[in-house]
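Participant: structure, please.
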Amino acid sequence: MGHTEAEMKKAREAVNTISREKKISMAAVATAYVLSSPPVAAAVIGFRTEKQVTDLLANAEWLALSQEDQAHLAQSITRKPYTLHV
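Facilitator: Here you go, the predicted model:
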């Protein structure tokens, strides 16, 4: 979607910070962030390993971010709307 390496690094660091603080996987934090966006009704998640599935399911009940965490991620992640089919 046209993000620079610097934007990706900043986003990754923000997700990692919350992941370490909450002691949950980065995948759970990223999924929770996507689902916190009002227009999003569901997230399609791809897995390559059984461990990835297990980690996300272990945190499934946690998939809600505090307002503070949402704000931290929003400041760290550059949103670029998809416009190809608009």
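Participant: the bottom helix or strand of this protein by mean pLDDT?
Facilitator: Ranking every helix and strand in the chain by mean pLDDT, DSSP states H and E puts helix 50-58 at the bottom, with a mean of 85.
Participant: now do the buried residues in the helix or strand following that one.
Facilitator: Note on helix 50-58: by DSSP states H and E, the next helix or strand toward the C-terminus is helix 67-76. Neighbour-count burial for helix 67-76, counted by 16 or more other Cβ atoms under 10 Å, picks out 69, 70, 72, 73, 76. Yep, even glycine has a C-beta here, placed from its N, CA and C like the rest.
Participant: looking at the residues you listed, spot the one nearest residue 13.
Facilitator: Taking Cβ to Cβ as the measure, residue 13 sits nearest to residue 76 out of the buried residues of helix 67-76, at 7.2 Å.
Participant: re the thing from before, go through the buried residues of helix 67-76 and name the one nearest residue 34.
Facilitator: When those are ranked by distance to residue 34 (Cβ to Cβ), residue 73 comes first, at 10.1 Å.
Participant: please name the residues that touch the closest one.
Facilitator: For residue 73, the contacting residues are 11, 14, 15, 18, 29, 33, 65, by Cβ atoms under 8 Å, 6 or more residues apart in numbering.
Participant: hmm, back to that, give me the helices and strands touching the least confident helix or strand of the chain, please.
Facilitator: Applying 3 or more Cβ pairs under 8 Å, 6 or more residues apart in numbering; DSSP states H and E, we find helix 50-58 packed against helix 26-35.
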